[in-house]
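# Task: produce atomic coordinates for the following.
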Amino acid sequence: MNRFSNNQLGRYPIYLKYFKELLAEGCEFVSSPRIAAKLGYSEEQVRKDLQAVSLEAGRPKKGRSVKQLVEDLESFLGYHDAASAVLIGCGHLGGALLNFPAFSEMGLEILAGFDANPDLIGKTVGGKMVFSIERLPELLPQLNADIAILTVPANHAQRVAELAVESGAKAIWNFAPVQLEVKDGIVVENVNLASSLAVLSHRLNVELAKGGK
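Numbering: from 1, shown residues only. Predicted coordinates:
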């Protein structure tokens, strides 16, 4: 079984988005040099990435079938097998995620929201009912959701993560700016906005420095 680095896994949705754009334009085949030039990767990296997930080899002078690449990547990323999730913390960020329509295209179905704010409980956000966080142990097993999305303040994140795991969650998608500690066998993916911003700022400064020469 192939082992994939986090960086490699992060590139696959970028490939998929590009290939869908090509498909919409009527493009049937695409070469590694064209992909590399468009996305800013090396040709060797592109070839290795696609060889790891594609069922069909590229054709000489033509490249790879764009349609086949889309199918292979959607299958690899699990877009055909919808995963169920609940979202905990339905404030500004959580509300935005509940309203984000593309999750269903990515194979993620958010079934409900949970919050401690009485002003939100009982309301619908993005078509999803918001329940009291106190009902998570009762409702999570009924919803049969494996993923808990955390968009709560940092000082509440660990306690909420523990509650989600105790209620039956098998994976945590953590948007809170804190490192979570969970028991073995629970998958945690941290979305670190601070790190992403740091990378963006550094790259911007590099480009500005180039322009100042």
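# rest of the way, CA atoms for contacts and neighbours
Will do.
# Can you spell out which helices and strands pack onto the lengthiest strand in the chain?
If you go by DSSP state E, the chain has its longest strand at strand 108-115. Helices and strands touching strand 108-115, by 3 or more Cα pairs under 8 Å, 6 or more residues apart in numbering; DSSP states H and E, are strand 83-88, strand 128-132.
# After the helix or strand encompassing Glu21, which helix or strand is next?
Here Glu21 sits within helix 6-24, counting by DSSP states H and E. On the C-terminal side of helix 6-24, the nearest following helix or strand under DSSP H and E is strand 29-30.
# Tell me the buried residues in stretch 139-155?
Within stretch 139-155, the residues that qualify as buried are Leu139, Leu140, Ala145, Asp146, Ile147, Ala148, Ile149, Leu150, Thr151, Val152, counting by 16 or more other Cα atoms under 10 Å.
# Filter the residues you listed down to the ones in strands?
Among the buried residues of stretch 139-155, the ones falling in strands (DSSP E) are Ile147, Ala148, Ile149, Leu150.
# Would you mind giving the residues you listed as CSV with pLDDT added?
Output for these, formatted as CSV (pLDDT from 0 to 100):
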residue, pLDDT
Ile147, 95
Ala148, 97
Ile149, 96
Leu150, 97
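# got JSON lines for those residues, with distance to Val70 too?
Shown next, in JSON lines, are these (distance: Cα to Cα, whole Å):
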{"residue": "Ile147", "distance to Val70": "25"}
{"residue": "Ala148", "distance to Val70": "28"}
{"residue": "Ile149", "distance to Val70": "27"}
{"residue": "Leu150", "distance to Val70": "30"}
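# Quick check, Ala148 in contact with Ser167.
No. The criterion here is Cα atoms under 8 Å, and Ala148 misses it with Ser167 at 10.1 Å.
# ok, back up a step: can you pull out the residues in contact with the helix holding Glu21?
Glu28, Asp49, Val66, Lys67, Leu69, Val70, Leu73, Glu74, Leu77 (Cα atoms under 8 Å, 6 or more residues apart in numbering).
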